[in-house]
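*Asks:* pasting a predicted model and its sequence here:
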Amino acid sequence: MSLFAIRQPLAMAVSIGINTSIMPIPLSATQSPSALSTPMPLLQSVQEKVEYRRYVDAKSGISITYPASIFTKSDESTDQFTKFISLDHRTTFYLISMHNHQGQNIDDLAAAAEAAFAEEKAVITYRRKKQDWFVLSGFISNNIFYRKTILSNGGQTIGTFQINFPKDQKPFYYDIVERMSWSFKP
């Protein structure tokens, strides 16, 4: 996995280690949530059986509820981010938590994230921002990305959750991403 060049600590918070190029590894249709190879009723059946688990990073305290029956923690995780990868190796999600050394506000963080996505030639189709968080979603090549960044601890901590999955898996991941996003806490 290639890491983005780190221009400043803020850039690390918005883009560290998040490579949207996902190399698919072929698996049988029963192992893959791919909407192209799996009929919709079967996908809904799989979603009903998804086992969720709460992950809490011991160092940063960042937490999320995620489908443990779909994702495993990657060995590529570092002190700067935690990476999870799906069983079919087509979907990844990342958790990043860092101190806000530069005292950035949510507008600064959102602008930096949009600039990082522009460098990747992303098409942002959804933006939402509140006082202490923002969400960006859209497309990079054949993948959908969803990023949520939250300022916590009085603006001292920046937490980011990002998931990248193939467009053809949108029906499968739609509810999963929503649940993960609402559970995400830096």
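*Replies:* Structure's in. What do you need? Residues are numbered from 1 along each chain as shown.
*Asks:* from Ile163, how far out is Trp106?
*Replies:* For the record, residue 106 is Ile, not Trp. From Ile106 across to Ile163, the span is 20 Å (C-beta to C-beta, to the nearest Å). Where you see a C-beta, it was placed from the backbone N, CA and C, and this is true even at glycine.
*Asks:* looking at these two, which is more packed in?
*Replies:* Set Ile106 next to Ile163 and count neighbours by other C-beta atoms under 10 Å: Ile163 wins out with 25 against 18.
*Asks:* chain neighbours aside, what residue packs nearest to the more buried one?
*Replies:* Phe93 (3.9 Å; C-beta to C-beta, 6 or more residues apart in numbering).
*Asks:* distance between the helix or strand where the one you found lies and the chain's centre?
*Replies:* Using DSSP states H and E, Phe93 falls within strand 92-99. Computed by C-alpha atoms, centre = their mean, to the nearest Å, the chain-centroid distance of strand 92-99 equals 8 Å.
*Asks:* now the following helix or strand past it: buried residues?
*Replies:* Downstream of strand 92-99, the first helix or strand assigned by DSSP H and E is helix 106-119. Using 16 or more other C-beta atoms under 10 Å as the test for burial, helix 106-119 gives 106, 109-110, 112-114, 116-117.
*Asks:* distance of the residue nearest the centre of the chain relative to Gln156?
*Replies:* Per C-alpha atoms, centre = their mean, the C-alpha nearest to the average position across the chain is that of Gln162, at 1.7 Å. Going from Gln162 to Gln156 by C-beta to C-beta gives 21 Å.
*Asks:* how about the residue nearest to the centre of the chain, nearest residue that isn't a chain neighbour?
*Replies:* Nearest to Gln162 is Arg147, by C-beta to C-beta, 6+ apart, at 4.3 Å.
*Asks:* next one: phi and psi at Glu76?
*Replies:* Dihedral pair for Glu76: phi -80, psi 0, per degrees, to the nearest 10.
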